[in-house]
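# The following block contains a protein sequence and its predicted model.
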Amino acid sequence: MGIFLIVVFGAAGTLARYGLQGLVQHRTGSTFPSGTMAVNLLGCFLLGGVAQFSFHHLTFPPEWRIAITVGFFGAFTTFSSFSWETVRMFEDGAWSSAFFYLAVSIVGGLLAVILGMRLASAL
């Protein structure tokens, strides 16, 4: 049942991302990636709220909590997961791990994109 819920919520998250990103991008009429930025910020806000509420009120069964957080928000934006995990590390007092995670994820991600682009151009 858990895997089925993740698949269903993941599909919904993917469609929500596609729709919202496209709508915002079309409405702004800009080359700036405002649609992606809107999805990432909204995803962070919603994941923070849903995860915090479910941790403190436990009104969601575990399989539904995983389906919503991993399935929907994982498909909607992984940036929200990255942000949530970083904040949790800070809250747990794991400052060095949080800063390491931030630095490697951001700098490493940018370098990985450049490397991928260069490799693809060389082929």
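Sure thing, it's come through. Residues are numbered from 1 along each chain as shown.
# For the protein, just list every one of the helices.
With helices called from DSSP state H, the chain shows them at 2-28, 34-57, 62-66, 74-76, 78-91, 95-122.
# Now the longest one: average pLDDT?
Helix 95-122 shows a mean pLDDT of 89 in the predicted model.
# Tell me the helices and strands packed up against that helix.
Applying 3 or more C-beta pairs under 8 Å, 6 or more residues apart in numbering; DSSP states H and E, one finds that helix 95-122 makes contact with helix 78-91. All C-beta spots, glycine's among them, are computed from the backbone N, C-alpha and C.
# Please provide the alpha-carbon coordinates for the helix it packs on, formatted as PDB.
In PDB, the C-alpha atoms belonging to helix 78-91 read as follows (Å, rounded to 0.1, in the frame of the first residue of the first chain):
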ATOM      1  CA  THR A  78      13.600  18.000  -4.300                       C
ATOM      2  CA  PHE A  79      14.800  21.500  -3.200                       C
ATOM      3  CA  SER A  80      12.100  21.400  -0.500                       C
ATOM      4  CA  SER A  81      13.600  18.100   0.800                       C
ATOM      5  CA  PHE A  82      17.100  19.600   0.700                       C
ATOM      6  CA  SER A  83      15.900  22.600   2.700                       C
ATOM      7  CA  TRP A  84      14.000  20.600   5.200                       C
ATOM      8  CA  GLU A  85      16.900  18.300   5.900                       C
ATOM      9  CA  THR A  86      19.300  21.200   6.300                       C
ATOM     10  CA  VAL A  87      16.900  23.000   8.800                       C
ATOM     11  CA  ARG A  88      16.500  19.700  10.700                       C
ATOM     12  CA  MET A  89      20.300  19.400  11.000                       C
ATOM     13  CA  PHE A  90      20.500  23.000  12.300                       C
ATOM     14  CA  GLU A  91      17.700  22.300  14.800                       C
END
